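Undergrad: Predicted model, plus sequence, below.
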Amino acid sequence: LSTNKISCLTPSVTFPTDVLVSLRYEGSEKITDVNYPFMYYRDISITSASPMRGFVTGGTIVEISGSGFIGTSTMSCSFGGYQVFARFVSNSLIECMSPPFNSSGATELQVSINGYDFVRLPGQIHERSFLYDNEVYLLEAIPHVIPIKSNPGNQGGKELHIEILGSGFAKSNELACLFGKNEVKKAYFVSESEVLCPLPDFTGVGTIDVKVSLNGADFSNSSVN
């Protein structure tokens, strides 16, 4: 390649092993004094990843299931060509945080142990793509004042909803509303500017913040109450 860089094609082996790589000049029996460690590993496979969408601001933790994962510093994920470090959990599970992206849309998600050779998720391109969404902005909750007697717990099991108005909503199986800090309810898509959130049971008077998520994990920065 150049006076200070060469490339070598690895020969095949029958099982995972650690070897030492040395250099020998053509026509010479002399081997370089420096030996470089090289590790052969088993082929990895990927069975699933979740969630497969997140905001363009990045920060979504994607859990990737499969087999053959090993705890190396070079294990990484690629989101449309942007590489990020992969956190090893077990030989069947790793986690990757989605990087910020400059626009919304689908990007292919791939995994590599050495940072060079990547493995795709199974399925068609739309099934193995991570979808970047624009940030969701919330404007208003209707109604924003609810009488205590309207507590769903007092309605004989009838589900009551509030309308959340804003922008950036998308039809998603993971669409959800967060009431306060930990009460998550499945939401219903109406349009890009409206979703319906089922009311959780409440026990007293007060103000509570509501946020919306498109993937069931990452909630909007903005909120209404």
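TA: Yes, it's here. Remember, it's a predicted structure, so these values are computed and weren't measured experimentally. Residues are numbered from 1 along each chain as shown.
Undergrad: Mind listing the residues bridging to the residue nearest the centre of the chain?
TA: Against the mean C-alpha coordinate of the chain, by CA atoms, centre = their mean, the closest residue is Val62 at 2.8 Å. Applying DSSP bridges to Val62 gives these bridge partners: Cys96.
Undergrad: Would you agree it is in contact with Leu93?
TA: No. Between Val62 and Leu93 there is no contact under CB atoms under 8 Å: 11.2 Å. Just so you know, the C-beta spots here come from the backbone N, C-alpha and C atoms, and that holds for glycine as well.
Undergrad: burial count for Ser73?
TA: 9 (other CB atoms under 10 Å).
Undergrad: related to what we said a few turns ago, in terms of pLDDT, where does the residue nearest to the centre of the chain sit?
TA: For Val62, the model assigns a pLDDT of 97.
Undergrad: Pull the contacting residues for Arg128.
TA: 108-109, 120-122 (CB atoms under 8 Å, 6 or more residues apart in numbering).
Undergrad: again, 10 Å this time
TA: 46, 49, 52, 106, 108-110, 120-122 (CB atoms under 10 Å, 6 or more residues apart in numbering).
Undergrad: what's it sitting at in phi/psi?
TA: Backbone torsions for Arg128, taken as degrees, to the nearest 10, come to phi -110, psi 20.
Undergrad: Same check on the one 5 residues further on?
TA: Backbone dihedrals for Asp133, given as degrees, to the nearest 10, come out at phi -110, psi 150.
Undergrad: Dig out what it forms beta bridges with.
TA: Going by DSSP bridges, Asp133 forms beta bridges with Phe55.
Undergrad: Test my guess that it contacts Ser167.
TA: No. Assessed by CB atoms under 10 Å, Asp133 is found out of contact with Ser167, at 11.6 Å.
Undergrad: quick one: the residue nearest to the centre of the chain and Phe130 touch, right?
TA: Yes. In this structure, Val62 is within contact of Phe130 by CB under 10 Å, at 7.0 Å.
Undergrad: Common neighbours of those two, please.
TA: Joint contacts of Val62 and Phe130 (CB under 10 Å, 6+ apart) are 49, 51-54, 77, 79, 96, 98, 109.
Undergrad: Buried subset of these as a PyMOL selection?
TA: The command below creates a PyMOL selection of those among the shared contacts of Val62 and Phe130 that count as buried (16 or more other CB atoms under 10 Å):
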select buried, resi 49+51+52+53+54+77+79+96+98+109
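Undergrad: all helices of the protein, in order?
TA: Using DSSP state H, no helices are found in the chain.
Undergrad: Could you list the low-pLDDT ranges of it?
TA: 27-33, 147-158, 202-204 (pLDDT under 70).
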